[in-house]
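A.B. asks: what follows is a predicted protein model with its sequence.
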Amino acid sequence: MRVLTPQQSSEQGGALLIALVSTVFLTGMAGALLAVGASRKAEQTASTERLRALYVAEAGLSRGVAAALAGTLPDLGSAEAPVGFSGGQYWGTAVDNGDDTVTLTVFGTSNGRTRGLEAVVQQTSDGVYSSALFAGNSSGDNAYELLFGGTGSQADLVNGNVYSGGSIRVNGTATINGTARATGSIHGGGGGETGITQPIPNLTAMNYAVNNGVNVAQQFATGGASYVTNSSYGGRAWRLPESNPAHIFRKNPSDRASNINSTAKDDYFLEDAYEPINTSSAINAGAGSKITISGLGGEPGPNGNNLVYYIDGNLWVHNLNAYSFTLWNASGTPVNITLVVSGNIYISDNIFYNNNDADGLALIAMKDPNVADSGNIYFGDPSFGTLEYMSAFMYAENNFYDNNLSASGSARVTVRGNMTAGNQVRINRDHGNQHSKLTVDFDPRIWNQSLTLPGLPSMSGSDPTRVVASWREVPVL
């Protein structure tokens, strides 16, 4: 028999106590870890089911949007009779709001978790270039008014639809032969549709600096440009060989130093120095100096037709010796080109198509984030008053400005095509008792798809366009 001393008995009792405390502690830790693990698993499960519920709701909303875009009101089920989808269910409503919008609300559920989504589909007959005159008012100026005025033979006339993201004011005997639509109010002119919001054309998404057929500034830098004098077209200027598609521009001509010195970037003038200049003041296509496209109708060089010409700079249609320019080729082949600038467009000479039924020209002014005065189209010649007619589809990401604000300016200007501004169209053309008449004759060929110009977003044809105006999550009631 082993006899323990009092000291040994005390030591063994202490060890037993420590072991007991450790066991209790570890048991508690294990229980805590199991509880945390269970809690995390529950949280992960709940998070997964919430995500699944969102996906189910998105599936139902996507189905509803597709139907609404096609012009029908979808059946999205109900809370009592939901639609099954991928292990979950969805139900919702489609409400015609009576203002050309449909609100779709869909709830998706998965294992007891529910999420809600809402989309608004808006119907508009106005896609890109679908109105004769469009002012989106992207700046959100609550005081903006799209103005028309004049009386008698000098009254403004628009043959086509008009939209303003602000208000519209029609003074005198100005006439809009189409539907006037405005976000704000409409004063005069027989009224129209108010409280209307239409999407502003988003041509910035086209990324023209990359997506183009001819980079004009690059061609002048690397395409063998020479600085030569041309007494017919005026001054010395940079010019490319005739075989280069960008030969239809002259860069920074010396006889228009006052123009080029007033801008922040290089200036390119639309004029074909390889064609004889026509100095006739007659207002018709035959009196215009010809703009010929390379590789077309016997012209040298690669085919320059059906291309986007991108200009990192400003574009001018302005010559001191010519009154008009005409798209032309010897074969009569339709000329369809798009000129895009990162800067401004200035038009003070007439632009004609040789073939009104088949030719097409788009002029697009995009903003340069580094230049405050950019993305605008200025038209009119206050010094000589030579601008009277423009055939073109025109888009200014920023504003349209009218230079005909003096008594010497053109008494009448006609646009055959359209005028579309992301922000504002400013056509207050009064000087004293004189009003310079503006006529806009809408050219429907892009809208009805009888004409396709390069580099434009796809058109919707003559049917109404429907777009998703908003898409958001909504609380579950």
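C.D. replies: Sure thing, it's come through.

A.B. asks: for the protein, which segments are assigned as helices?
C.D. replies: 6-69, 216-222, 257-260 (DSSP state H).

A.B. asks: for the residue nearest the centre of the chain, what are its contacts?
C.D. replies: Central residue of the chain (Cα atoms, centre = their mean): N202, 1.9 Å from the mean position. Contact analysis of N202 by Cβ atoms under 8 Å, 6 or more residues apart in numbering lists P457. For the C-beta atoms, the positions are set from N, CA and C on the backbone; glycine is no exception.

A.B. asks: from V467, how far out is it?
C.D. replies: For N202, the distance to V467 equals 11 Å [Cβ to Cβ, to the nearest Å].

A.B. asks: what of S348?
C.D. replies: With Cβ to Cβ as the criterion, S348 and V467 are 36 Å apart.

A.B. asks: of these two, give the one with the bigger neighbour count.
C.D. replies: More neighbours surround S348 than the other of S348 and V467, with 24 against 14 (other Cβ atoms under 10 Å).

A.B. asks: hmm, back to that, phi first, then psi, for the residue nearest to the centre of the chain.
C.D. replies: phi -110, psi 80 (degrees, to the nearest 10).

A.B. asks: which of the helices of the chain comes out lowest on mean pLDDT?
C.D. replies: Sorting those by mean pLDDT places helix 6-69 lowest, at a mean of 70.

A.B. asks: got any ranges where the stretch 251-400 of the chain has weak pLDDT?
C.D. replies: The stretch 251-400 of the chain contains residues with pLDDT under 70 at 381-385.

A.B. asks: was I right about G64 contacting P74?
C.D. replies: Yes: the pair G64 / P74 is scored as a contact, 4.5 Å apart, by Cβ atoms under 8 Å.

A.B. asks: ok, these two, which is more surrounded?
C.D. replies: G64 (26 against 20).

A.B. asks: OK, contacts around that one?
C.D. replies: Per Cβ under 8 Å, 6+ apart, neighbours of G64: 74, 76, 92, 94, 104, 106, 119.

A.B. asks: with just CA atoms, put the longest strand seen in the chain into CSV.
C.D. replies: Longest among the strand segments of the chain by residue count, using DSSP state E, is strand 113-124. Output of strand 113-124 as CSV, limited to C-alpha atoms (Å, rounded to 0.1, in the frame of the first residue of the first chain):
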residue,chain,number,x,y,z
ARG,A,113,-37.4,34.7,-49.2
THR,A,114,-39.0,37.4,-51.4
ARG,A,115,-37.5,40.2,-53.5
GLY,A,116,-39.4,42.8,-55.6
LEU,A,117,-38.4,44.6,-58.9
GLU,A,118,-40.0,47.4,-60.9
ALA,A,119,-39.5,48.5,-64.5
VAL,A,120,-41.1,51.3,-66.5
VAL,A,121,-41.4,50.8,-70.3
GLN,A,122,-41.9,54.0,-72.2
GLN,A,123,-43.4,54.3,-75.7
THR,A,124,-42.1,57.0,-77.9
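
A.B. asks: which strands and helices lie in contact with it?
C.D. replies: Packed against strand 113-124 by the contact rule (3 or more Cβ pairs under 8 Å, 6 or more residues apart in numbering; DSSP states H and E) you find helix 6-69, strand 101-110, strand 465-474.

A.B. asks: how near is S436 to L203?
C.D. replies: Taking Cβ to Cβ, one finds S436 at 29 Å from L203.

A.B. asks: the more surrounded of those two?
C.D. replies: Between S436 and L203, S436 has the larger neighbour count (other Cβ under 10 Å), namely 26 against 21.

A.B. asks: so who does the residue nearest to the more buried one when sequence neighbours are not counted touch?
C.D. replies: Spatial nearest neighbour of S436, excluding adjacent residues (Cβ to Cβ, 6 or more residues apart in numbering): R429 at 4.0 Å. Neighbour list for R429: 149-150, 156, 402, 404-405, 435-438 [criterion: Cβ under 8 Å, 6+ apart].

A.B. asks: neighbour-wise, which one of those leads?
C.D. replies: In the contacts of R429, the most neighbours by other Cβ under 10 Å go to L438, 28 neighbours.

A.B. asks: pLDDT value on it, please?
C.D. replies: pLDDT, L438: 91.

A.B. asks: if the nearest residue to T93 once chain neighbours are set aside is in a bridge, with which residues?
C.D. replies: Take T93 and drop its neighbours on the chain: the residue closest to it by Cβ to Cβ, 6+ apart is T105, 5.3 Å away. Per DSSP bridges, the residues bridged to T105 are T93, E118.

A.B. asks: what's the separation between the residue nearest to the centre of the chain and L54?
C.D. replies: On the measure of Cβ to Cβ, N202 and L54 end up 27 Å apart.

A.B. asks: read off the pLDDT value for the residue nearest to the centre of the chain.
C.D. replies: Value listed for N202 in the pLDDT field: 79.

A.B. asks: between G64 and P74, what contacts are shared?
C.D. replies: 94, 104.

A.B. asks: give the contact list for S226.
C.D. replies: 238-239.

A.B. asks: swap that for T179, please
C.D. replies: 161-162, 192-193.

A.B. asks: closest one of these to P444?
C.D. replies: N161 (10.3 Å; Cβ to Cβ).

A.B. asks: isn't that closest one right up against S130?
C.D. replies: Yes: under the criterion of Cβ under 8 Å, N161 lies in contact with S130, with a separation of 7.4 Å.

A.B. asks: which one of the two has more residues nearby?
C.D. replies: More crowded of N161 and S130, by other Cβ under 10 Å: S130, with 26 against 21.

A.B. asks: residues near the residue lying closest to the more buried one once chain neighbours are set aside, how many?
C.D. replies: Nearest residue to S130, sequence neighbours excluded (Cβ to Cβ, 6+ apart): W447, at 4.9 Å. Using other Cβ under 10 Å, W447 is surrounded by 23 other residues.
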